[in-house]
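Trainee: Here's my sequence, what's the structure:
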Amino acid sequence: MNKKMILLVERREQLVAQAAAQRRMLAQDIEPWRTPLALTDQGLNALRYIRRHPKWIIGGVALLAILQPRHAGKWLGRGWVTWQLMHRLRGRSEGAVISATSTPHISTVAH
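Mentor: Numbers count the residues shown, from 1 in each chain. Presented below is the predicted three-dimensional model:
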């Protein structure tokens, strides 16, 4: 190899190492935000679901009007737990379909 090519190969190796270090630093910087962003994402998903299915809100308000207000907290808690369970079960079934049909993903970020 000529000298120019050797310098290019060395420079490329340096840049690749620098990029890997930057990815590791970015992953460390982002880690504290992982949980708050996941919660925000769940909240946004809930809002999108409610927007797509307004009949559930109307039905819920009607149900609360029928039930006595003092029991509303108990029923809201039960409804929340039920919604979370349904959401998780639906996510597992969709995840199984996705993982069965998708190709393996190779990550470039070091964990």
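
Trainee: and the gap between the most centrally placed residue in the chain and residue 90?
Mentor: The chain has residue 38 as the residue nearest its centroid, 5.3 Å off, counting by Cα atoms, centre = their mean. Separation of residue 38 from residue 90 (Cβ to Cβ, to the nearest Å) stands at 17 Å. No exception for glycine: its C-beta is placed from N, CA and C like everyone else's.

Trainee: go on, residue 17?
Mentor: For residue 17, the distance to residue 90 (Cβ to Cβ) stands at 43 Å.

Trainee: Report the residue spans of the protein with pLDDT below the cut-off.
Mentor: Confidence mapping of the chain against pLDDT under 70 gives the ranges 1, 68-69, 71-72, 93-111.

Trainee: any idea how this structure splits into domains?
Mentor: 1-40, 53-100 (automatic domain parsing).

Trainee: Dump those into CSV; add distance to residue 46 as well.
Mentor: Listed next are those as CSV, based on distance: least, Cβ to Cβ, whole Å:
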stretch, distance to residue 46
domain 1-40, 11
domain 53-100, 8
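
Trainee: State the distance from residue 41 to residue 50.
Mentor: If you measure residue 41 against residue 50 using Cβ to Cβ, the figure is 15 Å.

Trainee: and if you look at residue 3?
Mentor: Per Cβ to Cβ, residue 3 is found 66 Å from residue 50.

Trainee: for residue 77, same thing?
Mentor: Going from residue 77 to residue 50 by Cβ to Cβ gives 18 Å.

Trainee: for residue 22, helix, strand, or coil?
Mentor: The assignment at residue 22 comes out as helix when based on DSSP: H, G, I helix; E, B strand; the rest coil.

Trainee: what about it, neighbour count?
Mentor: 10 (other Cβ atoms under 10 Å).

Trainee: who's in contact with it?
Mentor: Counting by Cβ atoms under 8 Å, 6 or more residues apart in numbering, residue 22 makes contact with nothing.
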